[in-house]
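1. structural data only, the sequence is not supplied:
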DNA sequence: AATATAATAGAAACAGCGTATCAATTACTT
DNA sequence: AAGTAATTGATACGCTGTTTCTATTATATT
């Protein structure tokens, strides 16, 4: 289950951050999507909820949420600055629909073996990885696109 | 073994493209690195070989090389537009040093299982993936940084 | 070697994304 | 209700990448 905008609002306040209408709109914008969103798409959605939101606030809110690990970035083939809500769990990866952007998380990551093998073969001390899997979701596979 | 600048020059010509001094300088700039380079870093290196190279030409050459699969993009945590020479082989991934950028390719990709499992679990028709592994190379692990 | 020509170059202007600065506003504490 | 520190938007800026256009040039042909 993914974090709702309201729960995140509570988390923000518990960390001493203010809950402004702008932040709330950004939260709702991100939480209302089942896929990843670019900062620009987030701005657009947030503006439909509250018209007086600036681009700057979107970036600031994204930075803040990123620091608190409440949103995570999605690396798409055409750009690596899209965001979506982080699930409560820790390490995970994304299965991204290249048609509509719908994104599914998965947590079973089989890369620790690979990392240790690479480590012993190269002498590198491995520290992490990016993994994004791409595909076409059932809906998009039936031709029409949606979001 | 990685492609040399001269071999790539031959490939370009065999595809009907001209071998201009600018392109050659860009090729040498990329080939002379053992890591991934941003377009800006490539411009800088190419300029040290030949002063009259414009930023536009770097981008154009990168596009061309990308179409021919002679360079590939490296997704780093801070940006996804770095380039390095492609090895002659096909599907592969990168182990990237976060200290100096040195990059090692590896071809044993264990993700087809994961993809088919995800596919049957989600209904997505998987089409590919990005995988970049990060680490610290032996040199950088001994404190000083180099390139 | 000279010529023709299509490809390629750089200059300049532009567009988009993200950030820094700063005065005005406002969410929250008391 | 008032005080205050956090937060906001406006503005300006810088960086990255692209488009357009004219001049140049690598190559094929003679």
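-> That came in fine, so what should we check first? This is a predicted model, so every value here is computed, not measured.
2. so which residues on chain A come close to chain B?
-> A:75, A:77, A:79-80, A:95, A:97-98, A:104, A:106, A:108, A:110-111, A:113-115, A:118-119, A:122-138, A:141 (Cβ under 8 Å from any Cβ of the partner chain). Just so you know, the C-beta spots here come from the backbone N, C-alpha and C atoms, and that holds for glycine as well.
3. now, of these, which are buried?
-> Buried residues within those, counting neighbours by 16 or more other Cβ atoms under 10 Å in any protein chain shown: A:75, A:80, A:95, A:97-98, A:104, A:106, A:111, A:114-115, A:118-119, A:122, A:124, A:126, A:129-137.
4. from those, which ones fall inside helices?
-> Using DSSP state H, the members of these that fall within helices are A:111, A:114-115, A:118-119, A:122.
5. and the longest strand along chain A, what other elements does it pack with?
-> Ordering each strand of chain A by length in residues (DSSP state E) puts strand A:125-136 first. With contacts defined as 3 or more Cβ pairs under 8 Å, 6 or more residues apart in numbering or on different chains; DSSP states H and E, strand A:125-136 has these neighbours: strand A:71-76, strand A:93-97, helix A:111-122, helix B:111-122, strand B:125-136.
6. just checking: what are the partner strands of that strand?
-> Within its sheet, and counting by DSSP bridges, strand A:125-136 is paired with strand A:93-97 (parallel), strand B:125-136 (antiparallel).
7. what does chain A have sitting close to DNA strand C?
-> Contact residues, chain A versus DNA strand C (Cβ under 7 Å from any atom of the strand): A:13, A:18-21, A:38-40, A:55-56, A:59, A:63, A:81.
8. buried among these? Make that a PyMOL selection.
-> To isolate the buried members of these in PyMOL, using 16+ other Cβ under 10 Å:
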select buried, chain A and resi 38+39
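9. for residue A:62, grab phi and psi.
-> Phi and psi for residue A:62, reported as degrees, to the nearest 10, are phi -60, psi -40.
10. double-check it against residue A:85; I have them as touching.
-> No. Checked against Cβ atoms under 8 Å, the pair residue A:62 and residue A:85 is beyond contact range at 11.7 Å.
11. and for these two, which residues touch both?
-> residue A:71 (Cβ atoms under 8 Å, 6 or more residues apart in numbering or on different chains).
12. so which of the two has more stuff around it?
-> residue A:85 (24 against 20; other Cβ atoms under 10 Å in any protein chain shown).
13. is the more buried one bridged to anything, and to what?
-> Under the criterion used (DSSP bridges), residue A:85 bridges to residue A:71.
14. bridging residues for the nearest residue to residue A:129 once chain neighbours are set aside?
-> Spatial nearest neighbour of residue A:129, chain neighbours left out: residue B:133 (4.5 Å); criterion: Cβ to Cβ, 6 or more residues apart in numbering or on different chains. With DSSP bridges as the criterion, residue B:133 is bridged to residue A:129, residue B:95.
15. measure residue B:133 to DNA strand C for me?
-> Separation of residue B:133 from DNA strand C (Cβ to the nearest atom of the strand, to the nearest Å): 24 Å.
16. just to revisit the earlier point, need the strands paired with strand A:125-136 in JSON lines (columns: distance to DNA strand D and mean pLDDT).
-> Putting the strands paired with strand A:125-136 into JSON lines (distance: least, Cβ to the nearest atom of the strand, whole Å; pLDDT from 0 to 100) gives the following:
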{"stretch": "strand A:93-97", "distance to DNA strand D": "21", "mean pLDDT": "96"}
{"stretch": "strand B:125-136", "distance to DNA strand D": "17", "mean pLDDT": "96"}
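17. give me the nearest residue to the residue nearest the centre of chain A, chain neighbours excluded.
-> Nearest to the mean C-alpha position of chain A, by Cα atoms, centre = their mean, lies residue A:84 at 2.3 Å. With sequence-adjacent residues excluded and distances taken as Cβ to Cβ, 6+ apart, residue A:84 is closest to residue A:36, at 4.5 Å.
18. rewinding a little: in JSON lines, list the strands paired with strand A:125-136 along with distance to residue A:5.
-> JSON lines is the format used below for the strands paired with strand A:125-136 (distance: least, Cβ to Cβ, whole Å):
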{"stretch": "strand A:93-97", "distance to residue A:5": "20"}
{"stretch": "strand B:125-136", "distance to residue A:5": "29"}
